[in-house]
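Undergrad: Return a 3D structure for these sequence lines:
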Amino acid sequence: MRNVHVGALTAPDKEILMASKTPATPKWLLEPEPHDFAAADHFLQLVLHKHHVALAVKRLRKRRRKSRSFAAKDILRAAELACLPADNESVAAKLAKIHEGQALAPVQLVRLKRGPLIVADGYHRASAAHLVDESTLVPYLLVSVP
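TA: From the prediction side, this is the model:
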């Protein structure tokens, strides 16, 4: 996997993105889909103690989005993540959905007392949104755990 820095696109990435004729603004679902919570749980098991995983997922399931969004570039920066390239299989699939006008699920974020923000689910969606325009507003669910 290539490391593409937030805000930087390589020539091949630009060609893929331009060829997709992706519209400027992705559409978003109001809530994550059930499989998104399972994906968040699965990822969080890699980075948190099981007690904190259970707490975070419980809070994410209870959390309702209140029309709040962050720019894709800010989500990636807060999580200390590079934007994935357009030729990443999952990012390409999200870009195709955007191109087709299909809505994407909001991203799920977990904040700890220390350390970077955790993108529990939605890294590929945030990257796809960033590739469309780094300032694309991405809706989110955000919870804090100790």
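Undergrad: CA atoms for contacts and neighbours, from now on please.
TA: Noted.
Undergrad: Contacts only, for Arg59.
TA: Shown in contact with Arg59 (Cα atoms under 8 Å, 6 or more residues apart in numbering): Val143.
Undergrad: max-length strand in the protein?
TA: Ranked by number of residues, the top strand in the chain under DSSP state E is strand 137-144.
Undergrad: Run through the neighbouring helices and strands of that strand.
TA: When contacts are defined as 3 or more Cα pairs under 8 Å, 6 or more residues apart in numbering; DSSP states H and E, strand 137-144 packs onto helix 50-62, strand 69-71, strand 107-111, helix 123-132.
Undergrad: What mean pLDDT does it get?
TA: Averaging pLDDT along strand 137-144 yields 96.
Undergrad: relative to helix 50-62, how tilted is that strand?
TA: For strand 137-144 against helix 50-62, the angle by axes from the mean of the first three to the mean of the last three Cα atoms, to 10 degrees is 130 degrees.
Undergrad: Below-threshold pLDDT in the protein: ranges please.
TA: Low-confidence segments of the chain, defined by pLDDT under 70: 1-24, 66-67.
Undergrad: shouldn't Ala71 be in contact with Thr136?
TA: Yes: applying Cα atoms under 8 Å, one finds Ala71 in contact with Thr136, separated by 5.3 Å.
Undergrad: Give me the more crowded residue out of the two.
TA: Of the pair Ala71 and Thr136, Thr136 is the one with more neighbours under other Cα atoms under 10 Å, namely 21 against 18.
Undergrad: what sits against that one?
TA: By Cα under 8 Å, 6+ apart, the residues touching Thr136 are 25, 71-72, 129-130.
Undergrad: As a quick check, tell me the outermost residue of the protein.
TA: Taking Cα atoms, centre = their mean, the residue of the chain most remote from its mean C-alpha position is His51, at 23.6 Å.
Undergrad: what's the distance between that residue and Arg61?
TA: Distance of His51 to Arg61, given as Cα to Cα, to the nearest Å: 16 Å.
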